[in-house]
Structure formats: C-alpha cells, structure tokens
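K.L.:
dropping the sequence and predicted coords here.
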Amino acid sequence: RAARCAVDVMRSCATYDAGAGAHAVSLRLHCGLGVGRVHVYVVGACDRWELVVAGDPVRQLSETEGEAERGQVVLSSETVFRLRSALVAYPLPLTQTSRGNYQLDWSHTSTKPSLATQESDRMAFLSCEKRPNYTSIMNDRTAFGDQASEEARSFSHKHVREANWSNDPPQIGGPLPDDAEAVNEARAKRQAFGKTVRCIARPLRAFAPEASRADLDAGTPGLLGALRDVVTVFVDVNGLNDSLESGDVDSVQKAMEATVRAVRGNDGMLRQFAVDDKGVVFIACWGVPGHAHEDDEARAVSAAKEVLAALSLQGLEARAGVASGNAFCGLVGNAARAEYAVIGSSVNLAARLMCHAPPSSVLVAGTIRDRALNRFDFEGKGSVRAKGYEDAIPVYRPIRREVTTKVDTENETVGREDERKKVSEA
C-alpha cells in the first residue's frame with residue numbers, strides 16, 4: 001500500500017504548478033520508503049504536546065529520500081525485502097542504486113491485466129492507468145486543453161482560499177451544489193461528526209499550535225491563512241536518537257519540556273518536534289498570531305540560547321539557526337487532515353543556518369543581528385547560501401552582552417524642590 005501510495009503521489013504531483021503569471025512556480029517532489037518497528041511518544045508540557053514517531057524506518061527514510069532525485073521514488077533494502085518475501089510477492093520494476101537502495105520505476109502506464117494474468121505480469125503493481133485529477137488537468141494542456149487547465153487551476157485556487165471545513169467539492173466525492181438533499185445530508189453528517197468529537201476536542205487542543213487555537217475554537221479555520229513577518233528558530237539535538245530508538249520516554253520528555261519552557265518563557269510558539277532526515281529538530285516561531293512583539297528577534301535569540309543551555313544540562317549537544325522574513329502562516333490540508341504551517345524562504349534559511357552551526361552554538365541571519373543589537377553583541381561567521389536567496393547570506397554568532405550600571409554622581413536633580421524637601425524631612 002505504501003509503494004502504491006508513493007506511485008499515486010508521484011503521478012499526481014511529481015510536477016505541481018502553483019500560482020499564475022509572474023508568480024507561477026513548479027514544485028518537484030521526490031519520495032523515499034522505509035519499513036520497520038517504531039516507537040510512538042506523546043510528550044509535552046505547559047499545554048503543548050506532540051506525537052513523535054521514531055525508529056529505524058526514519059533512518060531509512062533519511063537515506064532513501066536523500067538519495068532520491070526530483071521525480072524519483074527510492075525504496076530501502078528492508079522495504080524491498082518485505083515486498084519480495086510477502087505471501088503474495090509484488091514484482092516491481094526496481095533498479096538497485098549505488099548505496100544499496102532501490103529506485104522504483106513508476107512511469108509504467110500499461111493497461112491493467114485481468115486477475116488471471118496478474119501473477120505472471122511483472123508490471124501488475126504499476127499497471128493501472130493514470131487517473132485524471134486537478135493536478136494532471138492543470139499541467140497536461142495537450143491532453144485536456146487550455147480552457148480545462150485554466151478552469152481546474154481557478155477552481156483549485158478558489159477551494160484553497162475558502163474555508164477547508166466546507167463540504168467537499170463534487171469532483172472529489174462531495175454533493176452537487178444543486179442537489180439540496182445531498183447537500184443537507186452532507187451537512188448533517190458533518191454536524192454529527194462535530195458533536196462526536198467535541199468531547200475530546202479540548203484534550204486534543206494541546207496538540208495544535210497555539211496560533212491556530214483561537215480560530216479553531218471560533219469555527220473559522222479558513223481565516224487562519226496570512227502572510228506575516230516571522231522569526232523562526234531551528235534547534236538540532238544530538239544525543240537523543242538512542243533514547244528515541246530504545247523507547248526511553250523519560251529522556252524525550254525532559255528534552256521536550258525544557259524546550260517548551262524556554263520558548264514559552266520568551267512568549268514564542270513551538271511549532272513542531274520532528275524526527276526526520278535532519279535528525280531530532282525543534283522548530284519555534286515568533287510573529288505568528290498571539291506571539292508577535294516588537295523585539296521578536298531578540299526573544300528568539302534568547303530562547304535559542306536558553307534551549308541549548310537547558311539541553312546541555314541533560315547531556316545533550318545542540319545547535320540552532322535563527323532567521324526572519326515574510327512567510328505564510330496558516331492551515332494546509334483539508335477537513336480530514338490539516339496542519340498549521342509556516343512556509344517561506346526565511347524558514348529554509350533558519351534550517352540551513354542550523355546545519356552550518358558548530359555544536360553548542362547559535363547562528364543568526366543579518367536581519368536578526370540588526371534588530372537584536374540592543375541585547376546582544378555579534379561576531380561574523382562568514383556567509384551561507386540558501387533556497388530563495390540569490391546572494392550569499394552573512395551569518396553571525398550572538399554573544400550575550402555584559403550589563404553594567406554606571407552611576408554618575410556629579411549630576412544633580414533639578415526642580416521638584418518642595419517634594420524633595422518633604423522626602424528629606426520624612
């Protein structure tokens with residue numbers, strides 16, 4: 001099923017065109033598959049919790065996804081072994097890579113064979129024809145025509161702008177707009193579902209980032225999307241992988257709690273605790289709804305340094321990157337599955353700075369340095385290149401400034417003679 005899903009994803013979104021005119025961009029996907037036993041953790045503090053999945057499949061994903069180039073699907077050797085040793089083997093068109101993984105040729109488009117011939121057909125797994133969808137209609141103008149492509153693009157953008165909690169469009173199984181009975185039935189089912197989950201909604205709020213909760217409580221998730229000036233912090237934690245893979249929940253909980261308290265102490269929002277190809281990463285944001293201040297840059301730097309200090313007391317080595325810029329903040333997905341995302345070039349830059357930072361140190365972009373000079377001193381650390389930036393970005397390491405109080409005894413107080421006399425006589 002996972003390999004089949006990967007094929008469907010690539011056929012639908014391997015080349016995804018977004019925007020129009022001067023703002024048009026083409027997104028390219030690549031996919032990796034891994035299999036094995038995982039540990040699932042529920043950790044958190046201060047009404048902010050995360051569901052974290054870790055284990056050997058995550059390691060396999062970091063290898064396969066890292067090896068896959070644009071438009072490719074790469075399977076780990078463990079995944080291929082499972083497929084080939086299944087009760088009903090899946091003969092796939094695979095090519096072994098130089099690193100011992102396997103690239104899946106998902107471009108095969110022959111017609112689907114009958115059940116009698118599937119066992120002998122080595123392409124049976126990939127033998128269904130490509131199903132038309134909005135992405136293929138938007139991209140394949142030759143097959144569907146310019147008008148259909150533009151209509152699909154317009155409808156797709158309109159649906160994204162609207163609230164995701166509305167009824168699904170008829171093209172993906174929703175009721176027809178002029179079918180009043182079907183529309184009412186769909187609304188009734190949605191309301192019944194809402195009543196069912198309402199009793200568990202409050203405990204589940206802790207798993208939603210704080211910036212999304214007010215609109216979710218008000219029932220207006222469609223208003224969440226906005227472009228905002230955001231400061232993003234990425235923290236890479238070294239030394240926690242063994243605990244994650246062995247099931248040591250205490251160490252994971254302590255790291256999560258220390259990070260949440262440091263971020264909350266500077267009135268920021270922990271957006272995600274992720275275990276992926278970059279390792280164990282905490283992502284925090286300032287500037288999102290409910291967590292915006294004039295000194296967000298200084299708050300973010302302070303939080304990053306506090307997180308590193310708190311993790312070091314637990315025997316964990318960490319490093320961090322901090323960057324700021326305009327980013328999209330809001331829900332991505334639909335009513336069945338949505339996530340509060342912060343997307344922008346500055347987010348990618350923060351991740352890049354984290355990867356370049358030496359152990360136990362913080363690297364910040366020039367925009368952070370310029371707006372945090374009132375609380376920190378900085379030393380230059382060269383420059384890096386990142387996606388979305390034409391020129392190299394100068395980076396700096398923050399150094400906490402020593403605060404000294406100087407009293408000038410030669411100055412005299414001027415005015416307020418009557419008040420000063422009363423104070424001296426009291």
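P.N.:
Sure thing, it's come through. Only a predicted model underlies this, so the values are computations on that prediction, with no experimental measurement involved.

K.L.:
in the chain, what helix or strand scores lowest on average pLDDT?
P.N.:
helix 115-118 (a mean of 43; mean pLDDT, DSSP states H and E).

K.L.:
neighbours around Val423, how many?
P.N.:
9 (other Cβ atoms under 10 Å). Where you see a C-beta, it was placed from the backbone N, CA and C, and this is true even at glycine.

K.L.:
so who does it touch?
P.N.:
Val423 makes no contacts at all, as judged by Cβ atoms under 8 Å, 6 or more residues apart in numbering.

K.L.:
quick one, phi psi at it?
P.N.:
Here is the backbone geometry of Val423 (degrees, to the nearest 10): phi -70, psi -40.

K.L.:
so what pLDDT did Ile125 get?
P.N.:
Check again: residue 125 is Phe, not Ile. If you check Phe125, the pLDDT there is 46.

K.L.:
what's the answer for Ser85, then?
P.N.:
On the pLDDT scale, Ser85 gets 76.

K.L.:
that one and Asp418: what is the separation?
P.N.:
Distance, Ser85 to Asp418, using Cβ to Cβ, to the nearest Å: 95 Å.

K.L.:
equivalent analysis for Ser346, please.
P.N.:
In terms of Cβ to Cβ, Ser346 sits 56 Å off from Asp418.

K.L.:
which one of the two has more residues nearby?
P.N.:
Comparing Ser346 with Asp418 by other Cβ under 10 Å, the one with more neighbours is Ser346, at 25 against 8.

K.L.:
how about the more buried one: what's its closest non-neighbour residue?
P.N.:
Gly325 (2.9 Å; Cβ to Cβ, 6 or more residues apart in numbering).

K.L.:
so which elements touch the strand or helix carrying that neighbour?
P.N.:
Secondary structure from DSSP states H and E places Gly325 in strand 317-333. On a contact count with 3 or more Cβ pairs under 8 Å, 6 or more residues apart in numbering; DSSP states H and E, strand 317-333 meets strand 226-238, helix 296-313, strand 338-343, helix 345-356, strand 362-365, helix 366-371.

K.L.:
helices or strands up against whichever helix or strand Asp17 is part of?
P.N.:
Taking DSSP H and E as the definition, one finds Asp17 inside strand 15-18. Counting contacts by 3+ Cβ pairs under 8 Å, 6+ apart, strand 15-18 packs against strand 25-28, helix 134-139.

K.L.:
centroid residue for the protein?
P.N.:
The residue lying closest to the centre of the chain (Cα atoms, centre = their mean) is Ala341, at 5.8 Å.

K.L.:
for that residue, give me its contacts.
P.N.:
328-332 are the contacts of Ala341 under Cβ under 8 Å, 6+ apart.

K.L.:
what's the PyMOL line that selects buried ones from those residues?
P.N.:
Burial among the contacts of Ala341 is assessed by 16 or more other Cβ atoms under 10 Å; the matching PyMOL selection reads:
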select buried, resi 329+330+331
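
K.L.:
okay if I get the contacts of Ala341 as TSV plus distance to Cys285 and pLDDT?
P.N.:
Conversion of the contacts of Ala341 to TSV gives the following (distance: Cβ to Cβ, whole Å; pLDDT from 0 to 100):
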residue	distance to Cys285	pLDDT
Phe328	12	91
Cys329	8	90
Gly330	12	86
Leu331	15	83
Val332	15	82
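
K.L.:
closest to Leu29 out of the contacts of Ala341?
P.N.:
Val332 (15.0 Å; Cβ to Cβ).

K.L.:
pLDDT value on the nearest residue to the closest one once chain neighbours are set aside, please?
P.N.:
Sequence neighbours aside, Ala341 is the residue nearest to Val332 in space, at 4.7 Å (criterion: Cβ to Cβ, 6+ apart). pLDDT for Ala341: 90.

K.L.:
separation between Ala341 and Asp295?
P.N.:
With Cβ to Cβ as the criterion, Ala341 and Asp295 are 25 Å apart.

K.L.:
try Val52
P.N.:
31 Å.

K.L.:
ok, the two, which is more surrounded?
P.N.:
Val52 (21 against 16).

K.L.:
in the strand or helix carrying the more buried one, what's buried?
P.N.:
In the assignment (DSSP H and E), Val52 maps to strand 48-55. By 16+ other Cβ under 10 Å, the buried positions in strand 48-55 come out as 48-50, 52, 54-55.

K.L.:
swap in stretch 58-66?
P.N.:
Quick answer for stretch 58-66 (16+ other Cβ under 10 Å): 58-65.

K.L.:
the nearest residue to Ala292 once chain neighbours are set aside: what's it in contact with?
P.N.:
Ranked by Cβ to Cβ, 6+ apart and with sequence neighbours excluded, the top spatial neighbour of Ala292 is Trp286, at 7.1 Å. Counting by Cβ under 8 Å, 6+ apart, Trp286 makes contact with 230-231, 266-269, 292-293, 296-297, 299-300.

K.L.:
in contact with the residue nearest to Leu316 when sequence neighbours are not counted, which residues?
P.N.:
In space, not counting the residues next to it along the chain, Leu316 is nearest to Gly239; the distance is 4.5 Å by Cβ to Cβ, 6+ apart. By Cβ under 8 Å, 6+ apart, the residues touching Gly239 are 315-317.

K.L.:
same check on Cys31?
P.N.:
Contacts of Cys31 by Cβ under 8 Å, 6+ apart are 6, 9-10, 65, 68, 72-74.

K.L.:
hmm, 7 Å instead?
P.N.:
6, 9-10, 68, 73 (Cβ atoms under 7 Å, 6 or more residues apart in numbering).

K.L.:
which intervals of the stretch 301-426 of the chain have sub-threshold pLDDT?
P.N.:
For the stretch 301-426 of the chain, the stretches flagged by pLDDT under 70 are 335, 388, 401-414, 426.

K.L.:
picking that back up, quick check: the residue nearest to Ala292 vs Ala309, distance?
P.N.:
Distance from Trp286 to Ala309, by Cβ to Cβ: 19 Å.

K.L.:
same question for Trp49.
P.N.:
For Trp49, the distance to Ala309 equals 23 Å [Cβ to Cβ].
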